[in-house]
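> Just need the structure, nothing else, for what follows:
(chains A and B)
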Number of protein chains: 2
Amino acid sequence: MKNSLDKIRKKIDIIDKEIFYLFSERFNLVKNISDIKSKLGLLSFDKDRESFILNKIINDNTNISKNFIEDILNRVFFESYILENNTYDKIIYNTNSKINITIIGGDGNMGILFKDKFIKSGYIVKSINSSNWDINLEFIINSNVIIISVPISKFISIIDKLNNLNLSKNIIIVDISSIKHFTIKSILNIHEGPVLGLHPMFSNNIDNFSNQIMICCNGRLSDSYKWILDQFKLWGLILHTIDSIEHDKYMLYIQYLRYFIFLSYGLFLIRNNININEMINISPSFNYIFLNLFIYFFNQDSKIYIEIINYSKKNDNNIINSFLDNINLIKLYIKNNKIDEIFNEIKKWINLNIDKKYINKSSNIIKNSIILK
Amino acid sequence: MKNSLDKIRKKIDIIDKEIFYLFSERFNLVKNISDIKSKLGLLSFDKDRESFILNKIINDNTNISKNFIEDILNRVFFESYILENNTYDKIIYNTNSKINITIIGGDGNMGILFKDKFIKSGYIVKSINSSNWDINLEFIINSNVIIISVPISKFISIIDKLNNLNLSKNIIIVDISSIKHFTIKSILNIHEGPVLGLHPMFSNNIDNFSNQIMICCNGRLSDSYKWILDQFKLWGLILHTIDSIEHDKYMLYIQYLRYFIFLSYGLFLIRNNININEMINISPSFNYIFLNLFIYFFNQDSKIYIEIINYSKKNDNNIINSFLDNINLIKLYIKNNKIDEIFNEIKKWINLNIDKKYINKSSNIIKNSIILK
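Predicted coordinates:
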């Protein structure tokens, strides 16, 4: 019987070899498609085509689980985005004339990412900072687009510098800092032309822009900068437009609150002498993912969080106090053996408000997480 | 050019068809292997064989990214576990004689899961509760194993009932509740025979036991119940032995603290009228996973958490207060613009203490999470 086990395993090895040979053939074809799309100026990914492939394979393979097919194909599509990335960089969306882009603070992480991408796509880009400002004055003034990518603490001084240049009304000013209402308002005050606020929802270590989220807050004359957003879409970014006040509010709940929670959690683990490896070993799937978020979080650059915290402190001191009030309330409920009431309140709120697809999705993520270990 | 795009796409469709045909062939072979292993009494999965396959394919396919190969193969292995599950249930590990198992509280979620599994593997199992206790007295007394699977609130009365039966010293008593030190001690007090404490680190909605974690706390005479642990391993469970006091401590940090954090977070979102769908839409990968944990959490049964909280309240009142102290400390650091100090303290602690593999893993999980969306 041991013998037949070996025989079957050899058959499996041959099949595996064949499968990955086919994958590599597939990726070669994807590169061809990418070249053609690039020449035709088509988007790097096509959600309709992906759905078509997915449904066809699910229908044709009823003997394989739907979840398995979905997971494999999603991973294949994702790999295709990465491969398409290099060819897609070469698109010059606006072919009529060369476009000059100034990136102020272009030597920072996010600035470098955008500079590379714009240059690969055929734009003329210069990184400007305070030290080389004066020698680049002519380039700045003749730019079609000025992108501001500086820490909030330096933002006002940059605005003053730009104000002194009496910029042409045709220049598009784009800000990509993590706060939007204050920055957009400041630019609108000193500039009569088009203004666009962006917040990239990704860090600079991403492999490619495909499927990454870019939040857009309109400032002024959105028709003038539509081509920039189209270029982003060509790079594969998913744009999400939101009002700048709403943006800042959500960032409090998304970034600030999470920062606060992870800091509290981490400090608590340290103070209680937890062996974090043992904790990971005995963690069920759910907690394994939570701990992975925790580990990842503290290996990120904390600058953006600090920025949002410091900015929020001036404008809204209540978020931490409100969070603390809730915690004290929960403590009281625990004391009175009524903690289930809060659990059920939140459960009801989620199930009433959330798009049903997210509930299934979350359950699949946790179930499948066992393969991440 | 559009025409050649269509031609290439047709080629891709043919390749995809072939790939999934090969996957289904592969799964058929896996089922054959599973049958043979079942007859030979071998473990349902073989980590060495998996590493062999993985390394071979990575070496043979240098034109495909290592990450891609790993992700695809992990998903294939995971699917194989699911398929192997049904055949593997049929193993009777101890073939010498029929083994009688009483599951007290066997009608609960976890009780049902274990009952089904033991029956499929050839054991004789009865679910016992207070209402049918007296008519099953003979079965209980003649059991080889008694598994207690009742809420902590009912635990003492069950112990009293068992105490009155004067059980034979040969009977193995196993407790699978979420608290271990108190339960094991209670059983040791009324029973002279083998005692085993278990805490399954999974919920009852799992597809199969493979790679799921089972925490074991030894009570007494571990040689007598070694065969039970071997049966678990055959089912694919990963066993992790820990002292019962340590177990209870870690459960505070893993379950209680997380429960508390998610409750605070949820209540905060409700009180601040957050649109949760909008929040998901604009969330970067990291936060997307966090929100998925949040959604999943509140669609679980809260019973286990309530149990741990109520039990902890009696024994350790300080966890919430200690957590609140940390939060207040962080508030102070934010106020004094020194929040980076805490961030760096935690970062340093993680990087000094954690197994390096987890740092890479966490980064891969976040990066790949884009395909989960």
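> Who are the contact partners of the nearest residue to A:F297 once chain neighbours are set aside?
Once its chain neighbours are removed from consideration, A:F297 has its nearest residue in A:F262; the separation is 5.0 Å (CB to CB, 6 or more residues apart in numbering or on different chains). (Glycine included, C-beta is placed from N, CA and C.) For A:F262, the residues meeting the contact criterion (CB atoms under 8 Å, 6 or more residues apart in numbering or on different chains) are A:L293, A:F294, A:F297, A:F298.
> tell me which element A:F262 is part of?
Remark: A:F262 resides in helix A:257-271, with elements defined by DSSP states H and E.
> list the buried ones in that helix?
Within helix A:257-271, the residues scored as buried using 16 or more other CB atoms under 10 Å in any protein chain shown are A:257-270.
> What ranges in the stretch 251-373 of chain A fall below the confidence cut-off?
For the stretch 251-373 of chain A, the stretches with pLDDT under 70 are A:314-317, A:368-373.
> same thing but at 90, please
With pLDDT under 90 as the threshold, the stretch 251-373 of chain A has low-confidence stretches at A:251-265, A:267-269, A:271-293, A:296-343, A:351-373.
> thought A:Y358 was touching B:N292?
Yes - using CB atoms under 8 Å, A:Y358 is in contact with B:N292, at 7.4 Å.
> Show me which of those two is the more surrounded one.
Summary of the neighbour comparison: A:Y358 and B:N292, criterion other CB atoms under 10 Å in any protein chain shown, with B:N292 having more neighbours (25 against 18).
> show me what contacts the nearest residue to the more buried one once chain neighbours are set aside?
Distances taken as CB to CB, 6+ apart put A:S362 closest to B:N292, at 4.1 Å, once the chain neighbours are dropped. Taking CB under 8 Å, 6+ apart as the contact definition, A:S362 lies against B:N292, B:L293, B:I295, B:Y296, B:N299.
> Tell me the buried residues in the helix or strand where A:S362 lies?
In this assignment (DSSP H and E), A:S362 forms part of helix A:356-368. Residues of helix A:356-368 classed as buried: A:Y358, A:I359, A:K361, A:S362, A:S363, A:N364, A:I365, A:I366, A:K367, A:N368 (neighbour count, 16+ other CB under 10 Å).
> same check, this time on stretch A:46-64
Neighbour counts using 16+ other CB under 10 Å place A:I53, A:L54, A:I57, A:I58, A:N61, A:I64 of stretch A:46-64 among the buried residues.
> picking that back up, same list (the buried residues of helix A:356-368) but as TSV, adding distance to B:D6.
What follows is the buried residues of helix A:356-368, written out as TSV (distance: CB to CB, whole Å):
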residue	distance to B:D6
A:Y358	35
A:I359	38
A:K361	32
A:S362	38
A:S363	38
A:N364	33
A:I365	35
A:I366	40
A:K367	37
A:N368	34
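> quick one: which of those residues is nearest A:Y253?
A:Y358 (16.7 Å; CB to CB).
> contacting residues for that closest one?
Per CB under 8 Å, 6+ apart, neighbours of A:Y358: B:N277, B:I280, B:N292, B:I295.
> still on that earlier bit, I'd like the contacts of A:S362 as TSV, with distance to A:L237 appended.
As requested, those are arranged in TSV below (distance: CB to CB, whole Å):
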residue	distance to A:L237
B:N292	22
B:L293	26
B:I295	25
B:Y296	28
B:N299	31
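> State whether A:I33 is indeed within a helix.
Yes - counting by DSSP: H, G, I helix; E, B strand; the rest coil, A:I33 is located in a helix.
> Leaving out the residues flanking it, which one is nearest to it?
Leaving aside its sequence neighbours, A:I33 sits nearest to B:I8 (CB to CB, 6+ apart; 5.4 Å).
> Tell me which residues touch that neighbour, please.
Residues near B:I8 by CB under 8 Å, 6+ apart: A:L29, A:N32, A:I33, A:I36.
> The second one: neighbouring residues, count only.
Read that as A:N32. Summarising burial for A:N32: neighbours were counted as other CB under 10 Å, giving 16.
> In terms of pLDDT, where does it sit?
What the model reports as pLDDT for A:N32 is 90.
> how about the strands of the stretch 201-350 of chain A, start to end?
The residue ranges that make up the strands of the stretch 201-350 of chain A, judged by DSSP state E, counting those that start in this stretch, are A:213-220, A:238-241.
> out of these, which comes closest to B:F155?
Minimum separation from B:F155 across the strands of the stretch 201-350 of chain A (CB to CB) falls at strand A:213-220, 48.5 Å.
> quick one: strands adjacent to that closest one?
The partner list of strand A:213-220 in its sheet, established with DSSP bridges, is strand A:195-200 (antiparallel), strand A:238-241 (parallel).
> Sitting in helices, which of the buried residues of stretch A:46-64 do you find?
Residues from the buried residues of stretch A:46-64 lying in helices, with DSSP state H as the criterion: A:I53, A:L54, A:I57, A:I58.
> just checking, the second one touches A:E70?
Yes - taking contact to mean CB under 8 Å, the distance of 6.7 Å between A:L54 and A:E70 places them in contact.
> Max pairwise distance over the ones in helices among the buried residues of stretch A:46-64: which two?
For those, with distances taken as CB to CB, the pair at the greatest spread is A:I53 and A:I58 (9.6 Å).
> still on that earlier bit, among the contacts of A:S362, name the ones in helices.
Applying DSSP H to the contacts of A:S362, the entries found in helices are B:N292, B:L293, B:I295, B:Y296.
> who touches the third one in this structure?
The contact partners of B:I295, by CB under 8 Å, 6+ apart, come to A:I350, A:I354, A:Y358, A:I359, A:S362.
> and if you look at the last one?
Taking CB under 8 Å, 6+ apart as the contact definition, B:Y296 lies against A:F286, A:S362, A:S363, A:I365, A:I366.
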